Structure formats: structure tokens, C-alpha cells
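Undergrad: got a predicted structure plus its sequence, pasted below:
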Amino acid sequence: MWHLDFVWGLKGIERYIADHGYTFKDHDGGQYETRKDIGIRITGPLSSKNHHFIEIYKLVKEEADGEDTKLTVWGPVHAYTELAVFDRLAGPGQVYETNEDLKKGLIQAYKEFLDDYKATGGLIIQFDDCLWELFDESNPASFFAEGNASLSDLVDEFVAINNEVVDYAHELGLTVWTHNCRGNYESRSAAEGTYEAIAEKFLHDQHYDRYFLEWDSDVAGDVSALAALKDKNAEVVLGLLSSKTTGLDDEKRVLDILKKAETVLPKERLLLSHQCGFASCDSGNELTIEQQWAKIKQGQEIAQKFWGE
């Protein structure tokens, strides 16, 4: 699990087999349950000292032989939401007696990690976040769904959590990117929702240098949402290609959306990618290695046609 791998590496975290996995949307429209080893307990104060991700990054940096590399970890506010809101791991008799205490402890653990990452030569940190679309009322699983209405009021707090960590990373001299993930498990997604509904808070108000946005299907809405970034210098990577499907993507669709996007933001601030990785979890997506390379090659060819470089 791309996100839990990070939190499992924190001191004070214990992993266990839960009663159920995460729920994703299956190919036939039904529900698909992930593996169940996703349970988390807090057993002590959180700390990221001696985190195994730092050792992994050292190996990646060595293999890169001087090329710029990034490290991707779970977004702070998504981690906080899972621990505090969904799993309710703060309260009387627990390590953290209030959500505020847990929030402070988690933010401090992230700052410790950034210190160590910078010290080992890290330049770019990316926070992946599956939370944003939950603030779109049209999403069936949103915070506005029945029984979740109170959670919709947390948006400003959530933005503030991310920004505190992002600002600290900037103080260290790091470049900070983010990826808005809709779920990517064995070629299945977990969430819907448009970018128009969340653009002001989660694009404009956050302090990232680059946004990786999943736009491989029409559920993402219109690229006019990018107007929220007009007065910022942030770059946008449009995930118009799919890492979930076996066939090549619709080139005309990709080029048409890129052309529309450049009417909203300058062309030099736009980039192209697949919406997510080919293997966000160890089981990977339902593609062969050959199919993956074919899709990468197509993406390069489309980029050449659009940017001509």
C-alpha cells in the first residue's frame, strides 16, 4: 500500500489485520475490497526518526547517478483524516487524548522526516492525497453524504495542516509537489468528484509548487478549474492518460484537452502524464510490462506533438 507504507514506518504505529479492506469501484460497477492488512494502532508518540523511506531514497539517489529524483509520501492531512476522523485514534485513555494533540504529533513527525530527507540530499518531496474529492457534493462518498455532513466543515483545517508542512519544507529549501489520487488499486478507482467543486480551496489555497491531477476520465470535470491557479506560479501535470487500462489512450481527446488547458494557464506551466502510477500497490495494475512501455511511448509522442520539444 503506497500510503500506509509511510505511516507504518513511524515510531508509535502498529499494523494489524483489519476486519475489512478499503472499498473500490469494480469494473462491473460493483464494490471491490482490497487486502485487509490496513489496520493501524497508535501505541506511542509518533516519530519519523530512522524511517525506512530515507534508506530507500538513498538507494534511489545512488541509482539516479546525478539526475533529479523525488520521494513520494502520504499527504499529511490524508494521514490525519484516516487516523483521527475515520479510525478515531485519539481520545481519553489513548496516546493522544484529543484530535488536536494527534494533529500536532503527526505534523511534528512529518517535519522530522523532512529534516532527515533534506539532510540526505533530497530536493523534491511529493505528498499524495486522496482526500480532495470528498469535498465535492456530487461524489456519492463525499463528506456531504448522509451521516457525514459535519465533516464538510473541516476543509479549512485540512488545508492548514497541509500548508504548515509544505511551508516547513519550503523553509528547508525543498520543492514540494502533490498528486491528487482517486485511488489506484489493481486497475480500479475509489472516488469520483470534479475539480471545479474543489478548485478554490485545494488548488488555489494550498502552497504546492506542482499539482499532479487525475484527468483520465470525464468525472474530473472541465479544465476551466485550472483558473484557480492563474495568480500562482504552480505547474500542473494533467493526468490525461490512464495507467489502469491495457489499450492506448484516445490521442485526440488528450490533445483537445491540452489545447483547452493552455487557454487557461500558460503552456509552459503545463505537463502531461498518466493519471497515476502503474503499481501504487505491490499487486500492480492489470497491464503487462509491454503494455506499460507502449503507453509511456504514446505519452511521449503526444507530448512531442503538443510542445514540439
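TA: Happy to help now that I have it.

Undergrad: got phi/psi on residue 47?
TA: Note on residue 47: its backbone torsions stand at phi -150, psi 150 [degrees, to the nearest 10].

Undergrad: in contact with it, which residues?
TA: By C-beta atoms under 8 Å, 6 or more residues apart in numbering, the residues touching residue 47 are 10-12, 109, 112. All C-beta atoms are positioned from the backbone trio N, CA, C, and that covers glycine.

Undergrad: farthest-apart pair in those, please.
TA: For the contacts of residue 47, the farthest-apart pair by C-beta to C-beta is 12 and 112; their separation is 11.9 Å.

Undergrad: quick one: which of the contacts of residue 47 sit in strands?
TA: Members of the contacts of residue 47 lying in strands (criterion: DSSP state E): 11-12.

Undergrad: got the contacts of residue 47 as a markdown table, with distance to residue 102 columns?
TA: Below are the contacts of residue 47 laid out as a markdown table (distance: C-beta to C-beta, whole Å):
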| residue | distance to residue 102 |
| --- | --- |
| 10 | 12 |
| 11 | 15 |
| 12 | 11 |
| 109 | 11 |
| 112 | 16 |
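
Undergrad: what's the offset of the lengthiest helix in the chain from the middle of its chain?
TA: The residue-count maximum for a helix in the chain (DSSP state H) belongs to helix 99-119. Centroid separation for helix 99-119 versus its chain: 18 Å, with C-alpha atoms, centre = their mean, to the nearest Å.

Undergrad: which element follows that helix toward the C-terminus?
TA: Using DSSP states H and E, the helix or strand that follows helix 99-119 in sequence is strand 124-129.

Undergrad: outside of that next one, which residues touch it?
TA: Taking C-beta under 8 Å, 6+ apart as the rule, strand 124-129 contacts 2-3, 68-78, 114, 117, 162, 165-166, 169, 174-181, 208, 212.

Undergrad: before we move on, the earlier item: show me which positions of the longest helix of the chain end up buried.
TA: 99, 102-103, 105-107, 109-114, 116-118 (16 or more other C-beta atoms under 10 Å).

Undergrad: kind regards, and thank you for your time.
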